[in-house]
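Peer 1: Sequence and predicted model, in that order:
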Amino acid sequence: MPLPVAHGLLGASIVAALHPEPTRRLYSIPLLSGAVFAIAADLDFLLVFALHSKSWHRGFTHSVVFALLICLLGYLILGKQRLKVALAYGLAFTSHGLLDCLTSKVGNGVELLWPFSTERVRLGWCGLSELPSHLPASGILKALALEFVLFAPLFLAVALLRNSARK
């Protein structure tokens with residue numbers, strides 16, 4: 001289960017690659033929004049706390065269908081002229097469930113195909129930041145540093161390439 005650093009940097013990378021209007025002064029707002037959208041699927045923790053059941057985490061909010069609904073909602077709010085922006089944020093949101101699925105070796109996986117199936121999927125390609133709630137503070141800091149080292153170069157590469165393509 002990646003921590004917010006990996007999710008946020010991946011979401012910002014997606015927006016950096018796809019956002020149609022990256023202006024110098026205001027470019028940080030779309031990038032930050034992409035990071036927030038990518039982390040937002042973990043708001044299902046509110047259901048975990050409210051309903052006292054861990055089964056809500058990595059459920060419907062991590063599914064591709066829910067991500068499509070987020071994208072559609074963005075399209076309805078932003079309008080037809082801003083379809084590419086809505087798509088960028090929708091893909092940033094989608095990245096959360098996919099990253100959890102790809103990097104989970106331990107645990108039940110992700111309800112990626114909800115509402116068609118409640119089966120949890122995990123590919124377990126690498127155990128990125130597995131079970132952070134069981135780690136001591138130093139272990140969490142190491143996991144955050146590892147995620148930063150892995151995902152910051154991707155973000156920087158996309159942002160720099162996009163910036164040089166604008167010129």
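Peer 2: Cool, got the structure.
Peer 1: Trp114 and Val65 touch, don't they?
Peer 2: Yes: under the criterion of C-beta atoms under 8 Å, Trp114 makes contact with Val65 at 6.3 Å. For every residue, glycine as well, the C-beta is placed using N, CA and C.
Peer 1: Show me which of the two is the more surrounded one.
Peer 2: More crowded of Trp114 and Val65, by other C-beta atoms under 10 Å: Trp114, with 19 against 14.
Peer 1: any idea what sits nearest the more buried one, other than its immediate chain neighbours?
Peer 2: Ser63 (3.9 Å; C-beta to C-beta, 6 or more residues apart in numbering).
Peer 1: so who does that neighbour touch?
Peer 2: 97, 110-115 (C-beta atoms under 8 Å, 6 or more residues apart in numbering).
Peer 1: Which parts of this structure are strands?
Peer 2: In the chain, no strands are found when defined by DSSP state E.
Peer 1: Run through it and note the low-pLDDT ranges.
Peer 2: Scanning the chain for pLDDT under 70 picks out 1, 22-26, 128-133, 165-167.
Peer 1: in it, which spans are helices?
Peer 2: In the chain, the helices defined using DSSP state H lie at 4-18, 28-39, 45-51, 64-78, 83-102, 137-166.
Peer 1: Could you export those as JSON lines, including distance to Cys126?
Peer 2: Shown next, in JSON lines, are the helices of the chain (distance: least, C-beta to C-beta, whole Å):
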{"stretch": "helix 4-18", "distance to Cys126": "11"}
{"stretch": "helix 28-39", "distance to Cys126": "18"}
{"stretch": "helix 45-51", "distance to Cys126": "23"}
{"stretch": "helix 64-78", "distance to Cys126": "21"}
{"stretch": "helix 83-102", "distance to Cys126": "8"}
{"stretch": "helix 137-166", "distance to Cys126": "10"}
